[in-house]
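> Okay, structure incoming, though there's no sequence with it:
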């Protein structure tokens, strides 16, 4: 489990073979994430016009592919039973977004609606991951198997997560800005990555 701020951790020049099995693609996607890391930055909740509603500092520690701790404004947050619940009242950001837990789900398949689709000009394979009543649609880069975008429907709402900017940390490229939004809500959450320490 880790910040999805590290999702798009495709290092420059990585080339992964095309996999016929959706579960193998997600394993490759997960393998791009460091197993032990500390990530810190800011979570900014704002309107679509850019007016800031709230801003928070976070630090996430991950050990052996599991989240060890999440601190928000210095306060340690307990791990919830339901990872689909928002971590802030005014934001769509959830523990699922921060941990990418759906990369570990057993029930995965390629989408029957769209096999391929471009996200921000990147050609991606579309995979559906399911667990219980939850279903998450994932767009995975065809060349690197890096996660480009995730989308989940919950109670008639659609929450979308995507990376918008890359930056080099410790010699590797990683997403440095991510966006999360309940579509149509008028609010968007921006997550910045300021430091990654492995």
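Now that the structure is in, tell me what you want to look at. Please read these numbers as outputs of a predicted model, since none were measured by experiment.
> which stretches of the protein form helices?
Here the chain has its helices, by DSSP state H, at 22-31, 95-99.
> Kindly compare burial across these and name the winner.
Neighbour counts (mean count of other CB atoms under 10 Å) averaged over each of the helices of the chain peak at helix 95-99, with a mean of 24. Yep, even glycine has a C-beta here, placed from its N, CA and C like the rest.
> Report all helices and strands that it contacts.
When contacts are defined as 3 or more CB pairs under 8 Å, 6 or more residues apart in numbering; DSSP states H and E, helix 95-99 packs onto strand 66-72.
> hmm, back to that, could I get the helices of the chain in JSON lines, plus columns for distance to residue 44 and mean pLDDT?
Output for these, formatted as JSON lines (distance: least, CB to CB, whole Å; pLDDT from 0 to 100):
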{"stretch": "helix 22-31", "distance to residue 44": "26", "mean pLDDT": "88"}
{"stretch": "helix 95-99", "distance to residue 44": "14", "mean pLDDT": "85"}
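> mind checking which of those is nearest residue 42?
Among the helices of the chain, the nearest to residue 42 by CB to CB is helix 95-99 (13.6 Å).
> Lowest average confidence across helices and strands of this protein, where is it?
strand 116-119 (a mean of 77; mean pLDDT, DSSP states H and E).
> neighbouring contacts of it?
123, 124, 125, 126, 139, 142, 148, 149, 162 (CB atoms under 8 Å, 6 or more residues apart in numbering).
> Looking at the residues you listed, spot the one nearest residue 75.
Nearest to residue 75 among these is residue 162, at 27.4 Å by CB to CB.
> May I have the beta-bridge partners of the closest one?
Residues in a beta bridge with residue 162, per DSSP bridges, are residue 149, residue 179.
> Is it in contact with residue 183, as I believe?
No. The criterion here is CB atoms under 8 Å, and residue 162 misses it with residue 183 at 11.7 Å.
> Tell me where the model's unsure across this protein.
Along the chain, segments meeting pLDDT under 70 span 1-20, 65, 172-173.
> which stretches of it form strands?
In the chain, strands defined by DSSP state E lie at 37-47, 52-63, 66-72, 75-76, 107-110, 116-119, 122-131, 134-141, 147-154, 157-169, 172-182, 187-197, listed in chain order.
> The ones you listed: which one's closest to residue 23?
So among these, strand 107-110 is nearest, using CB to CB, at 5.1 Å.
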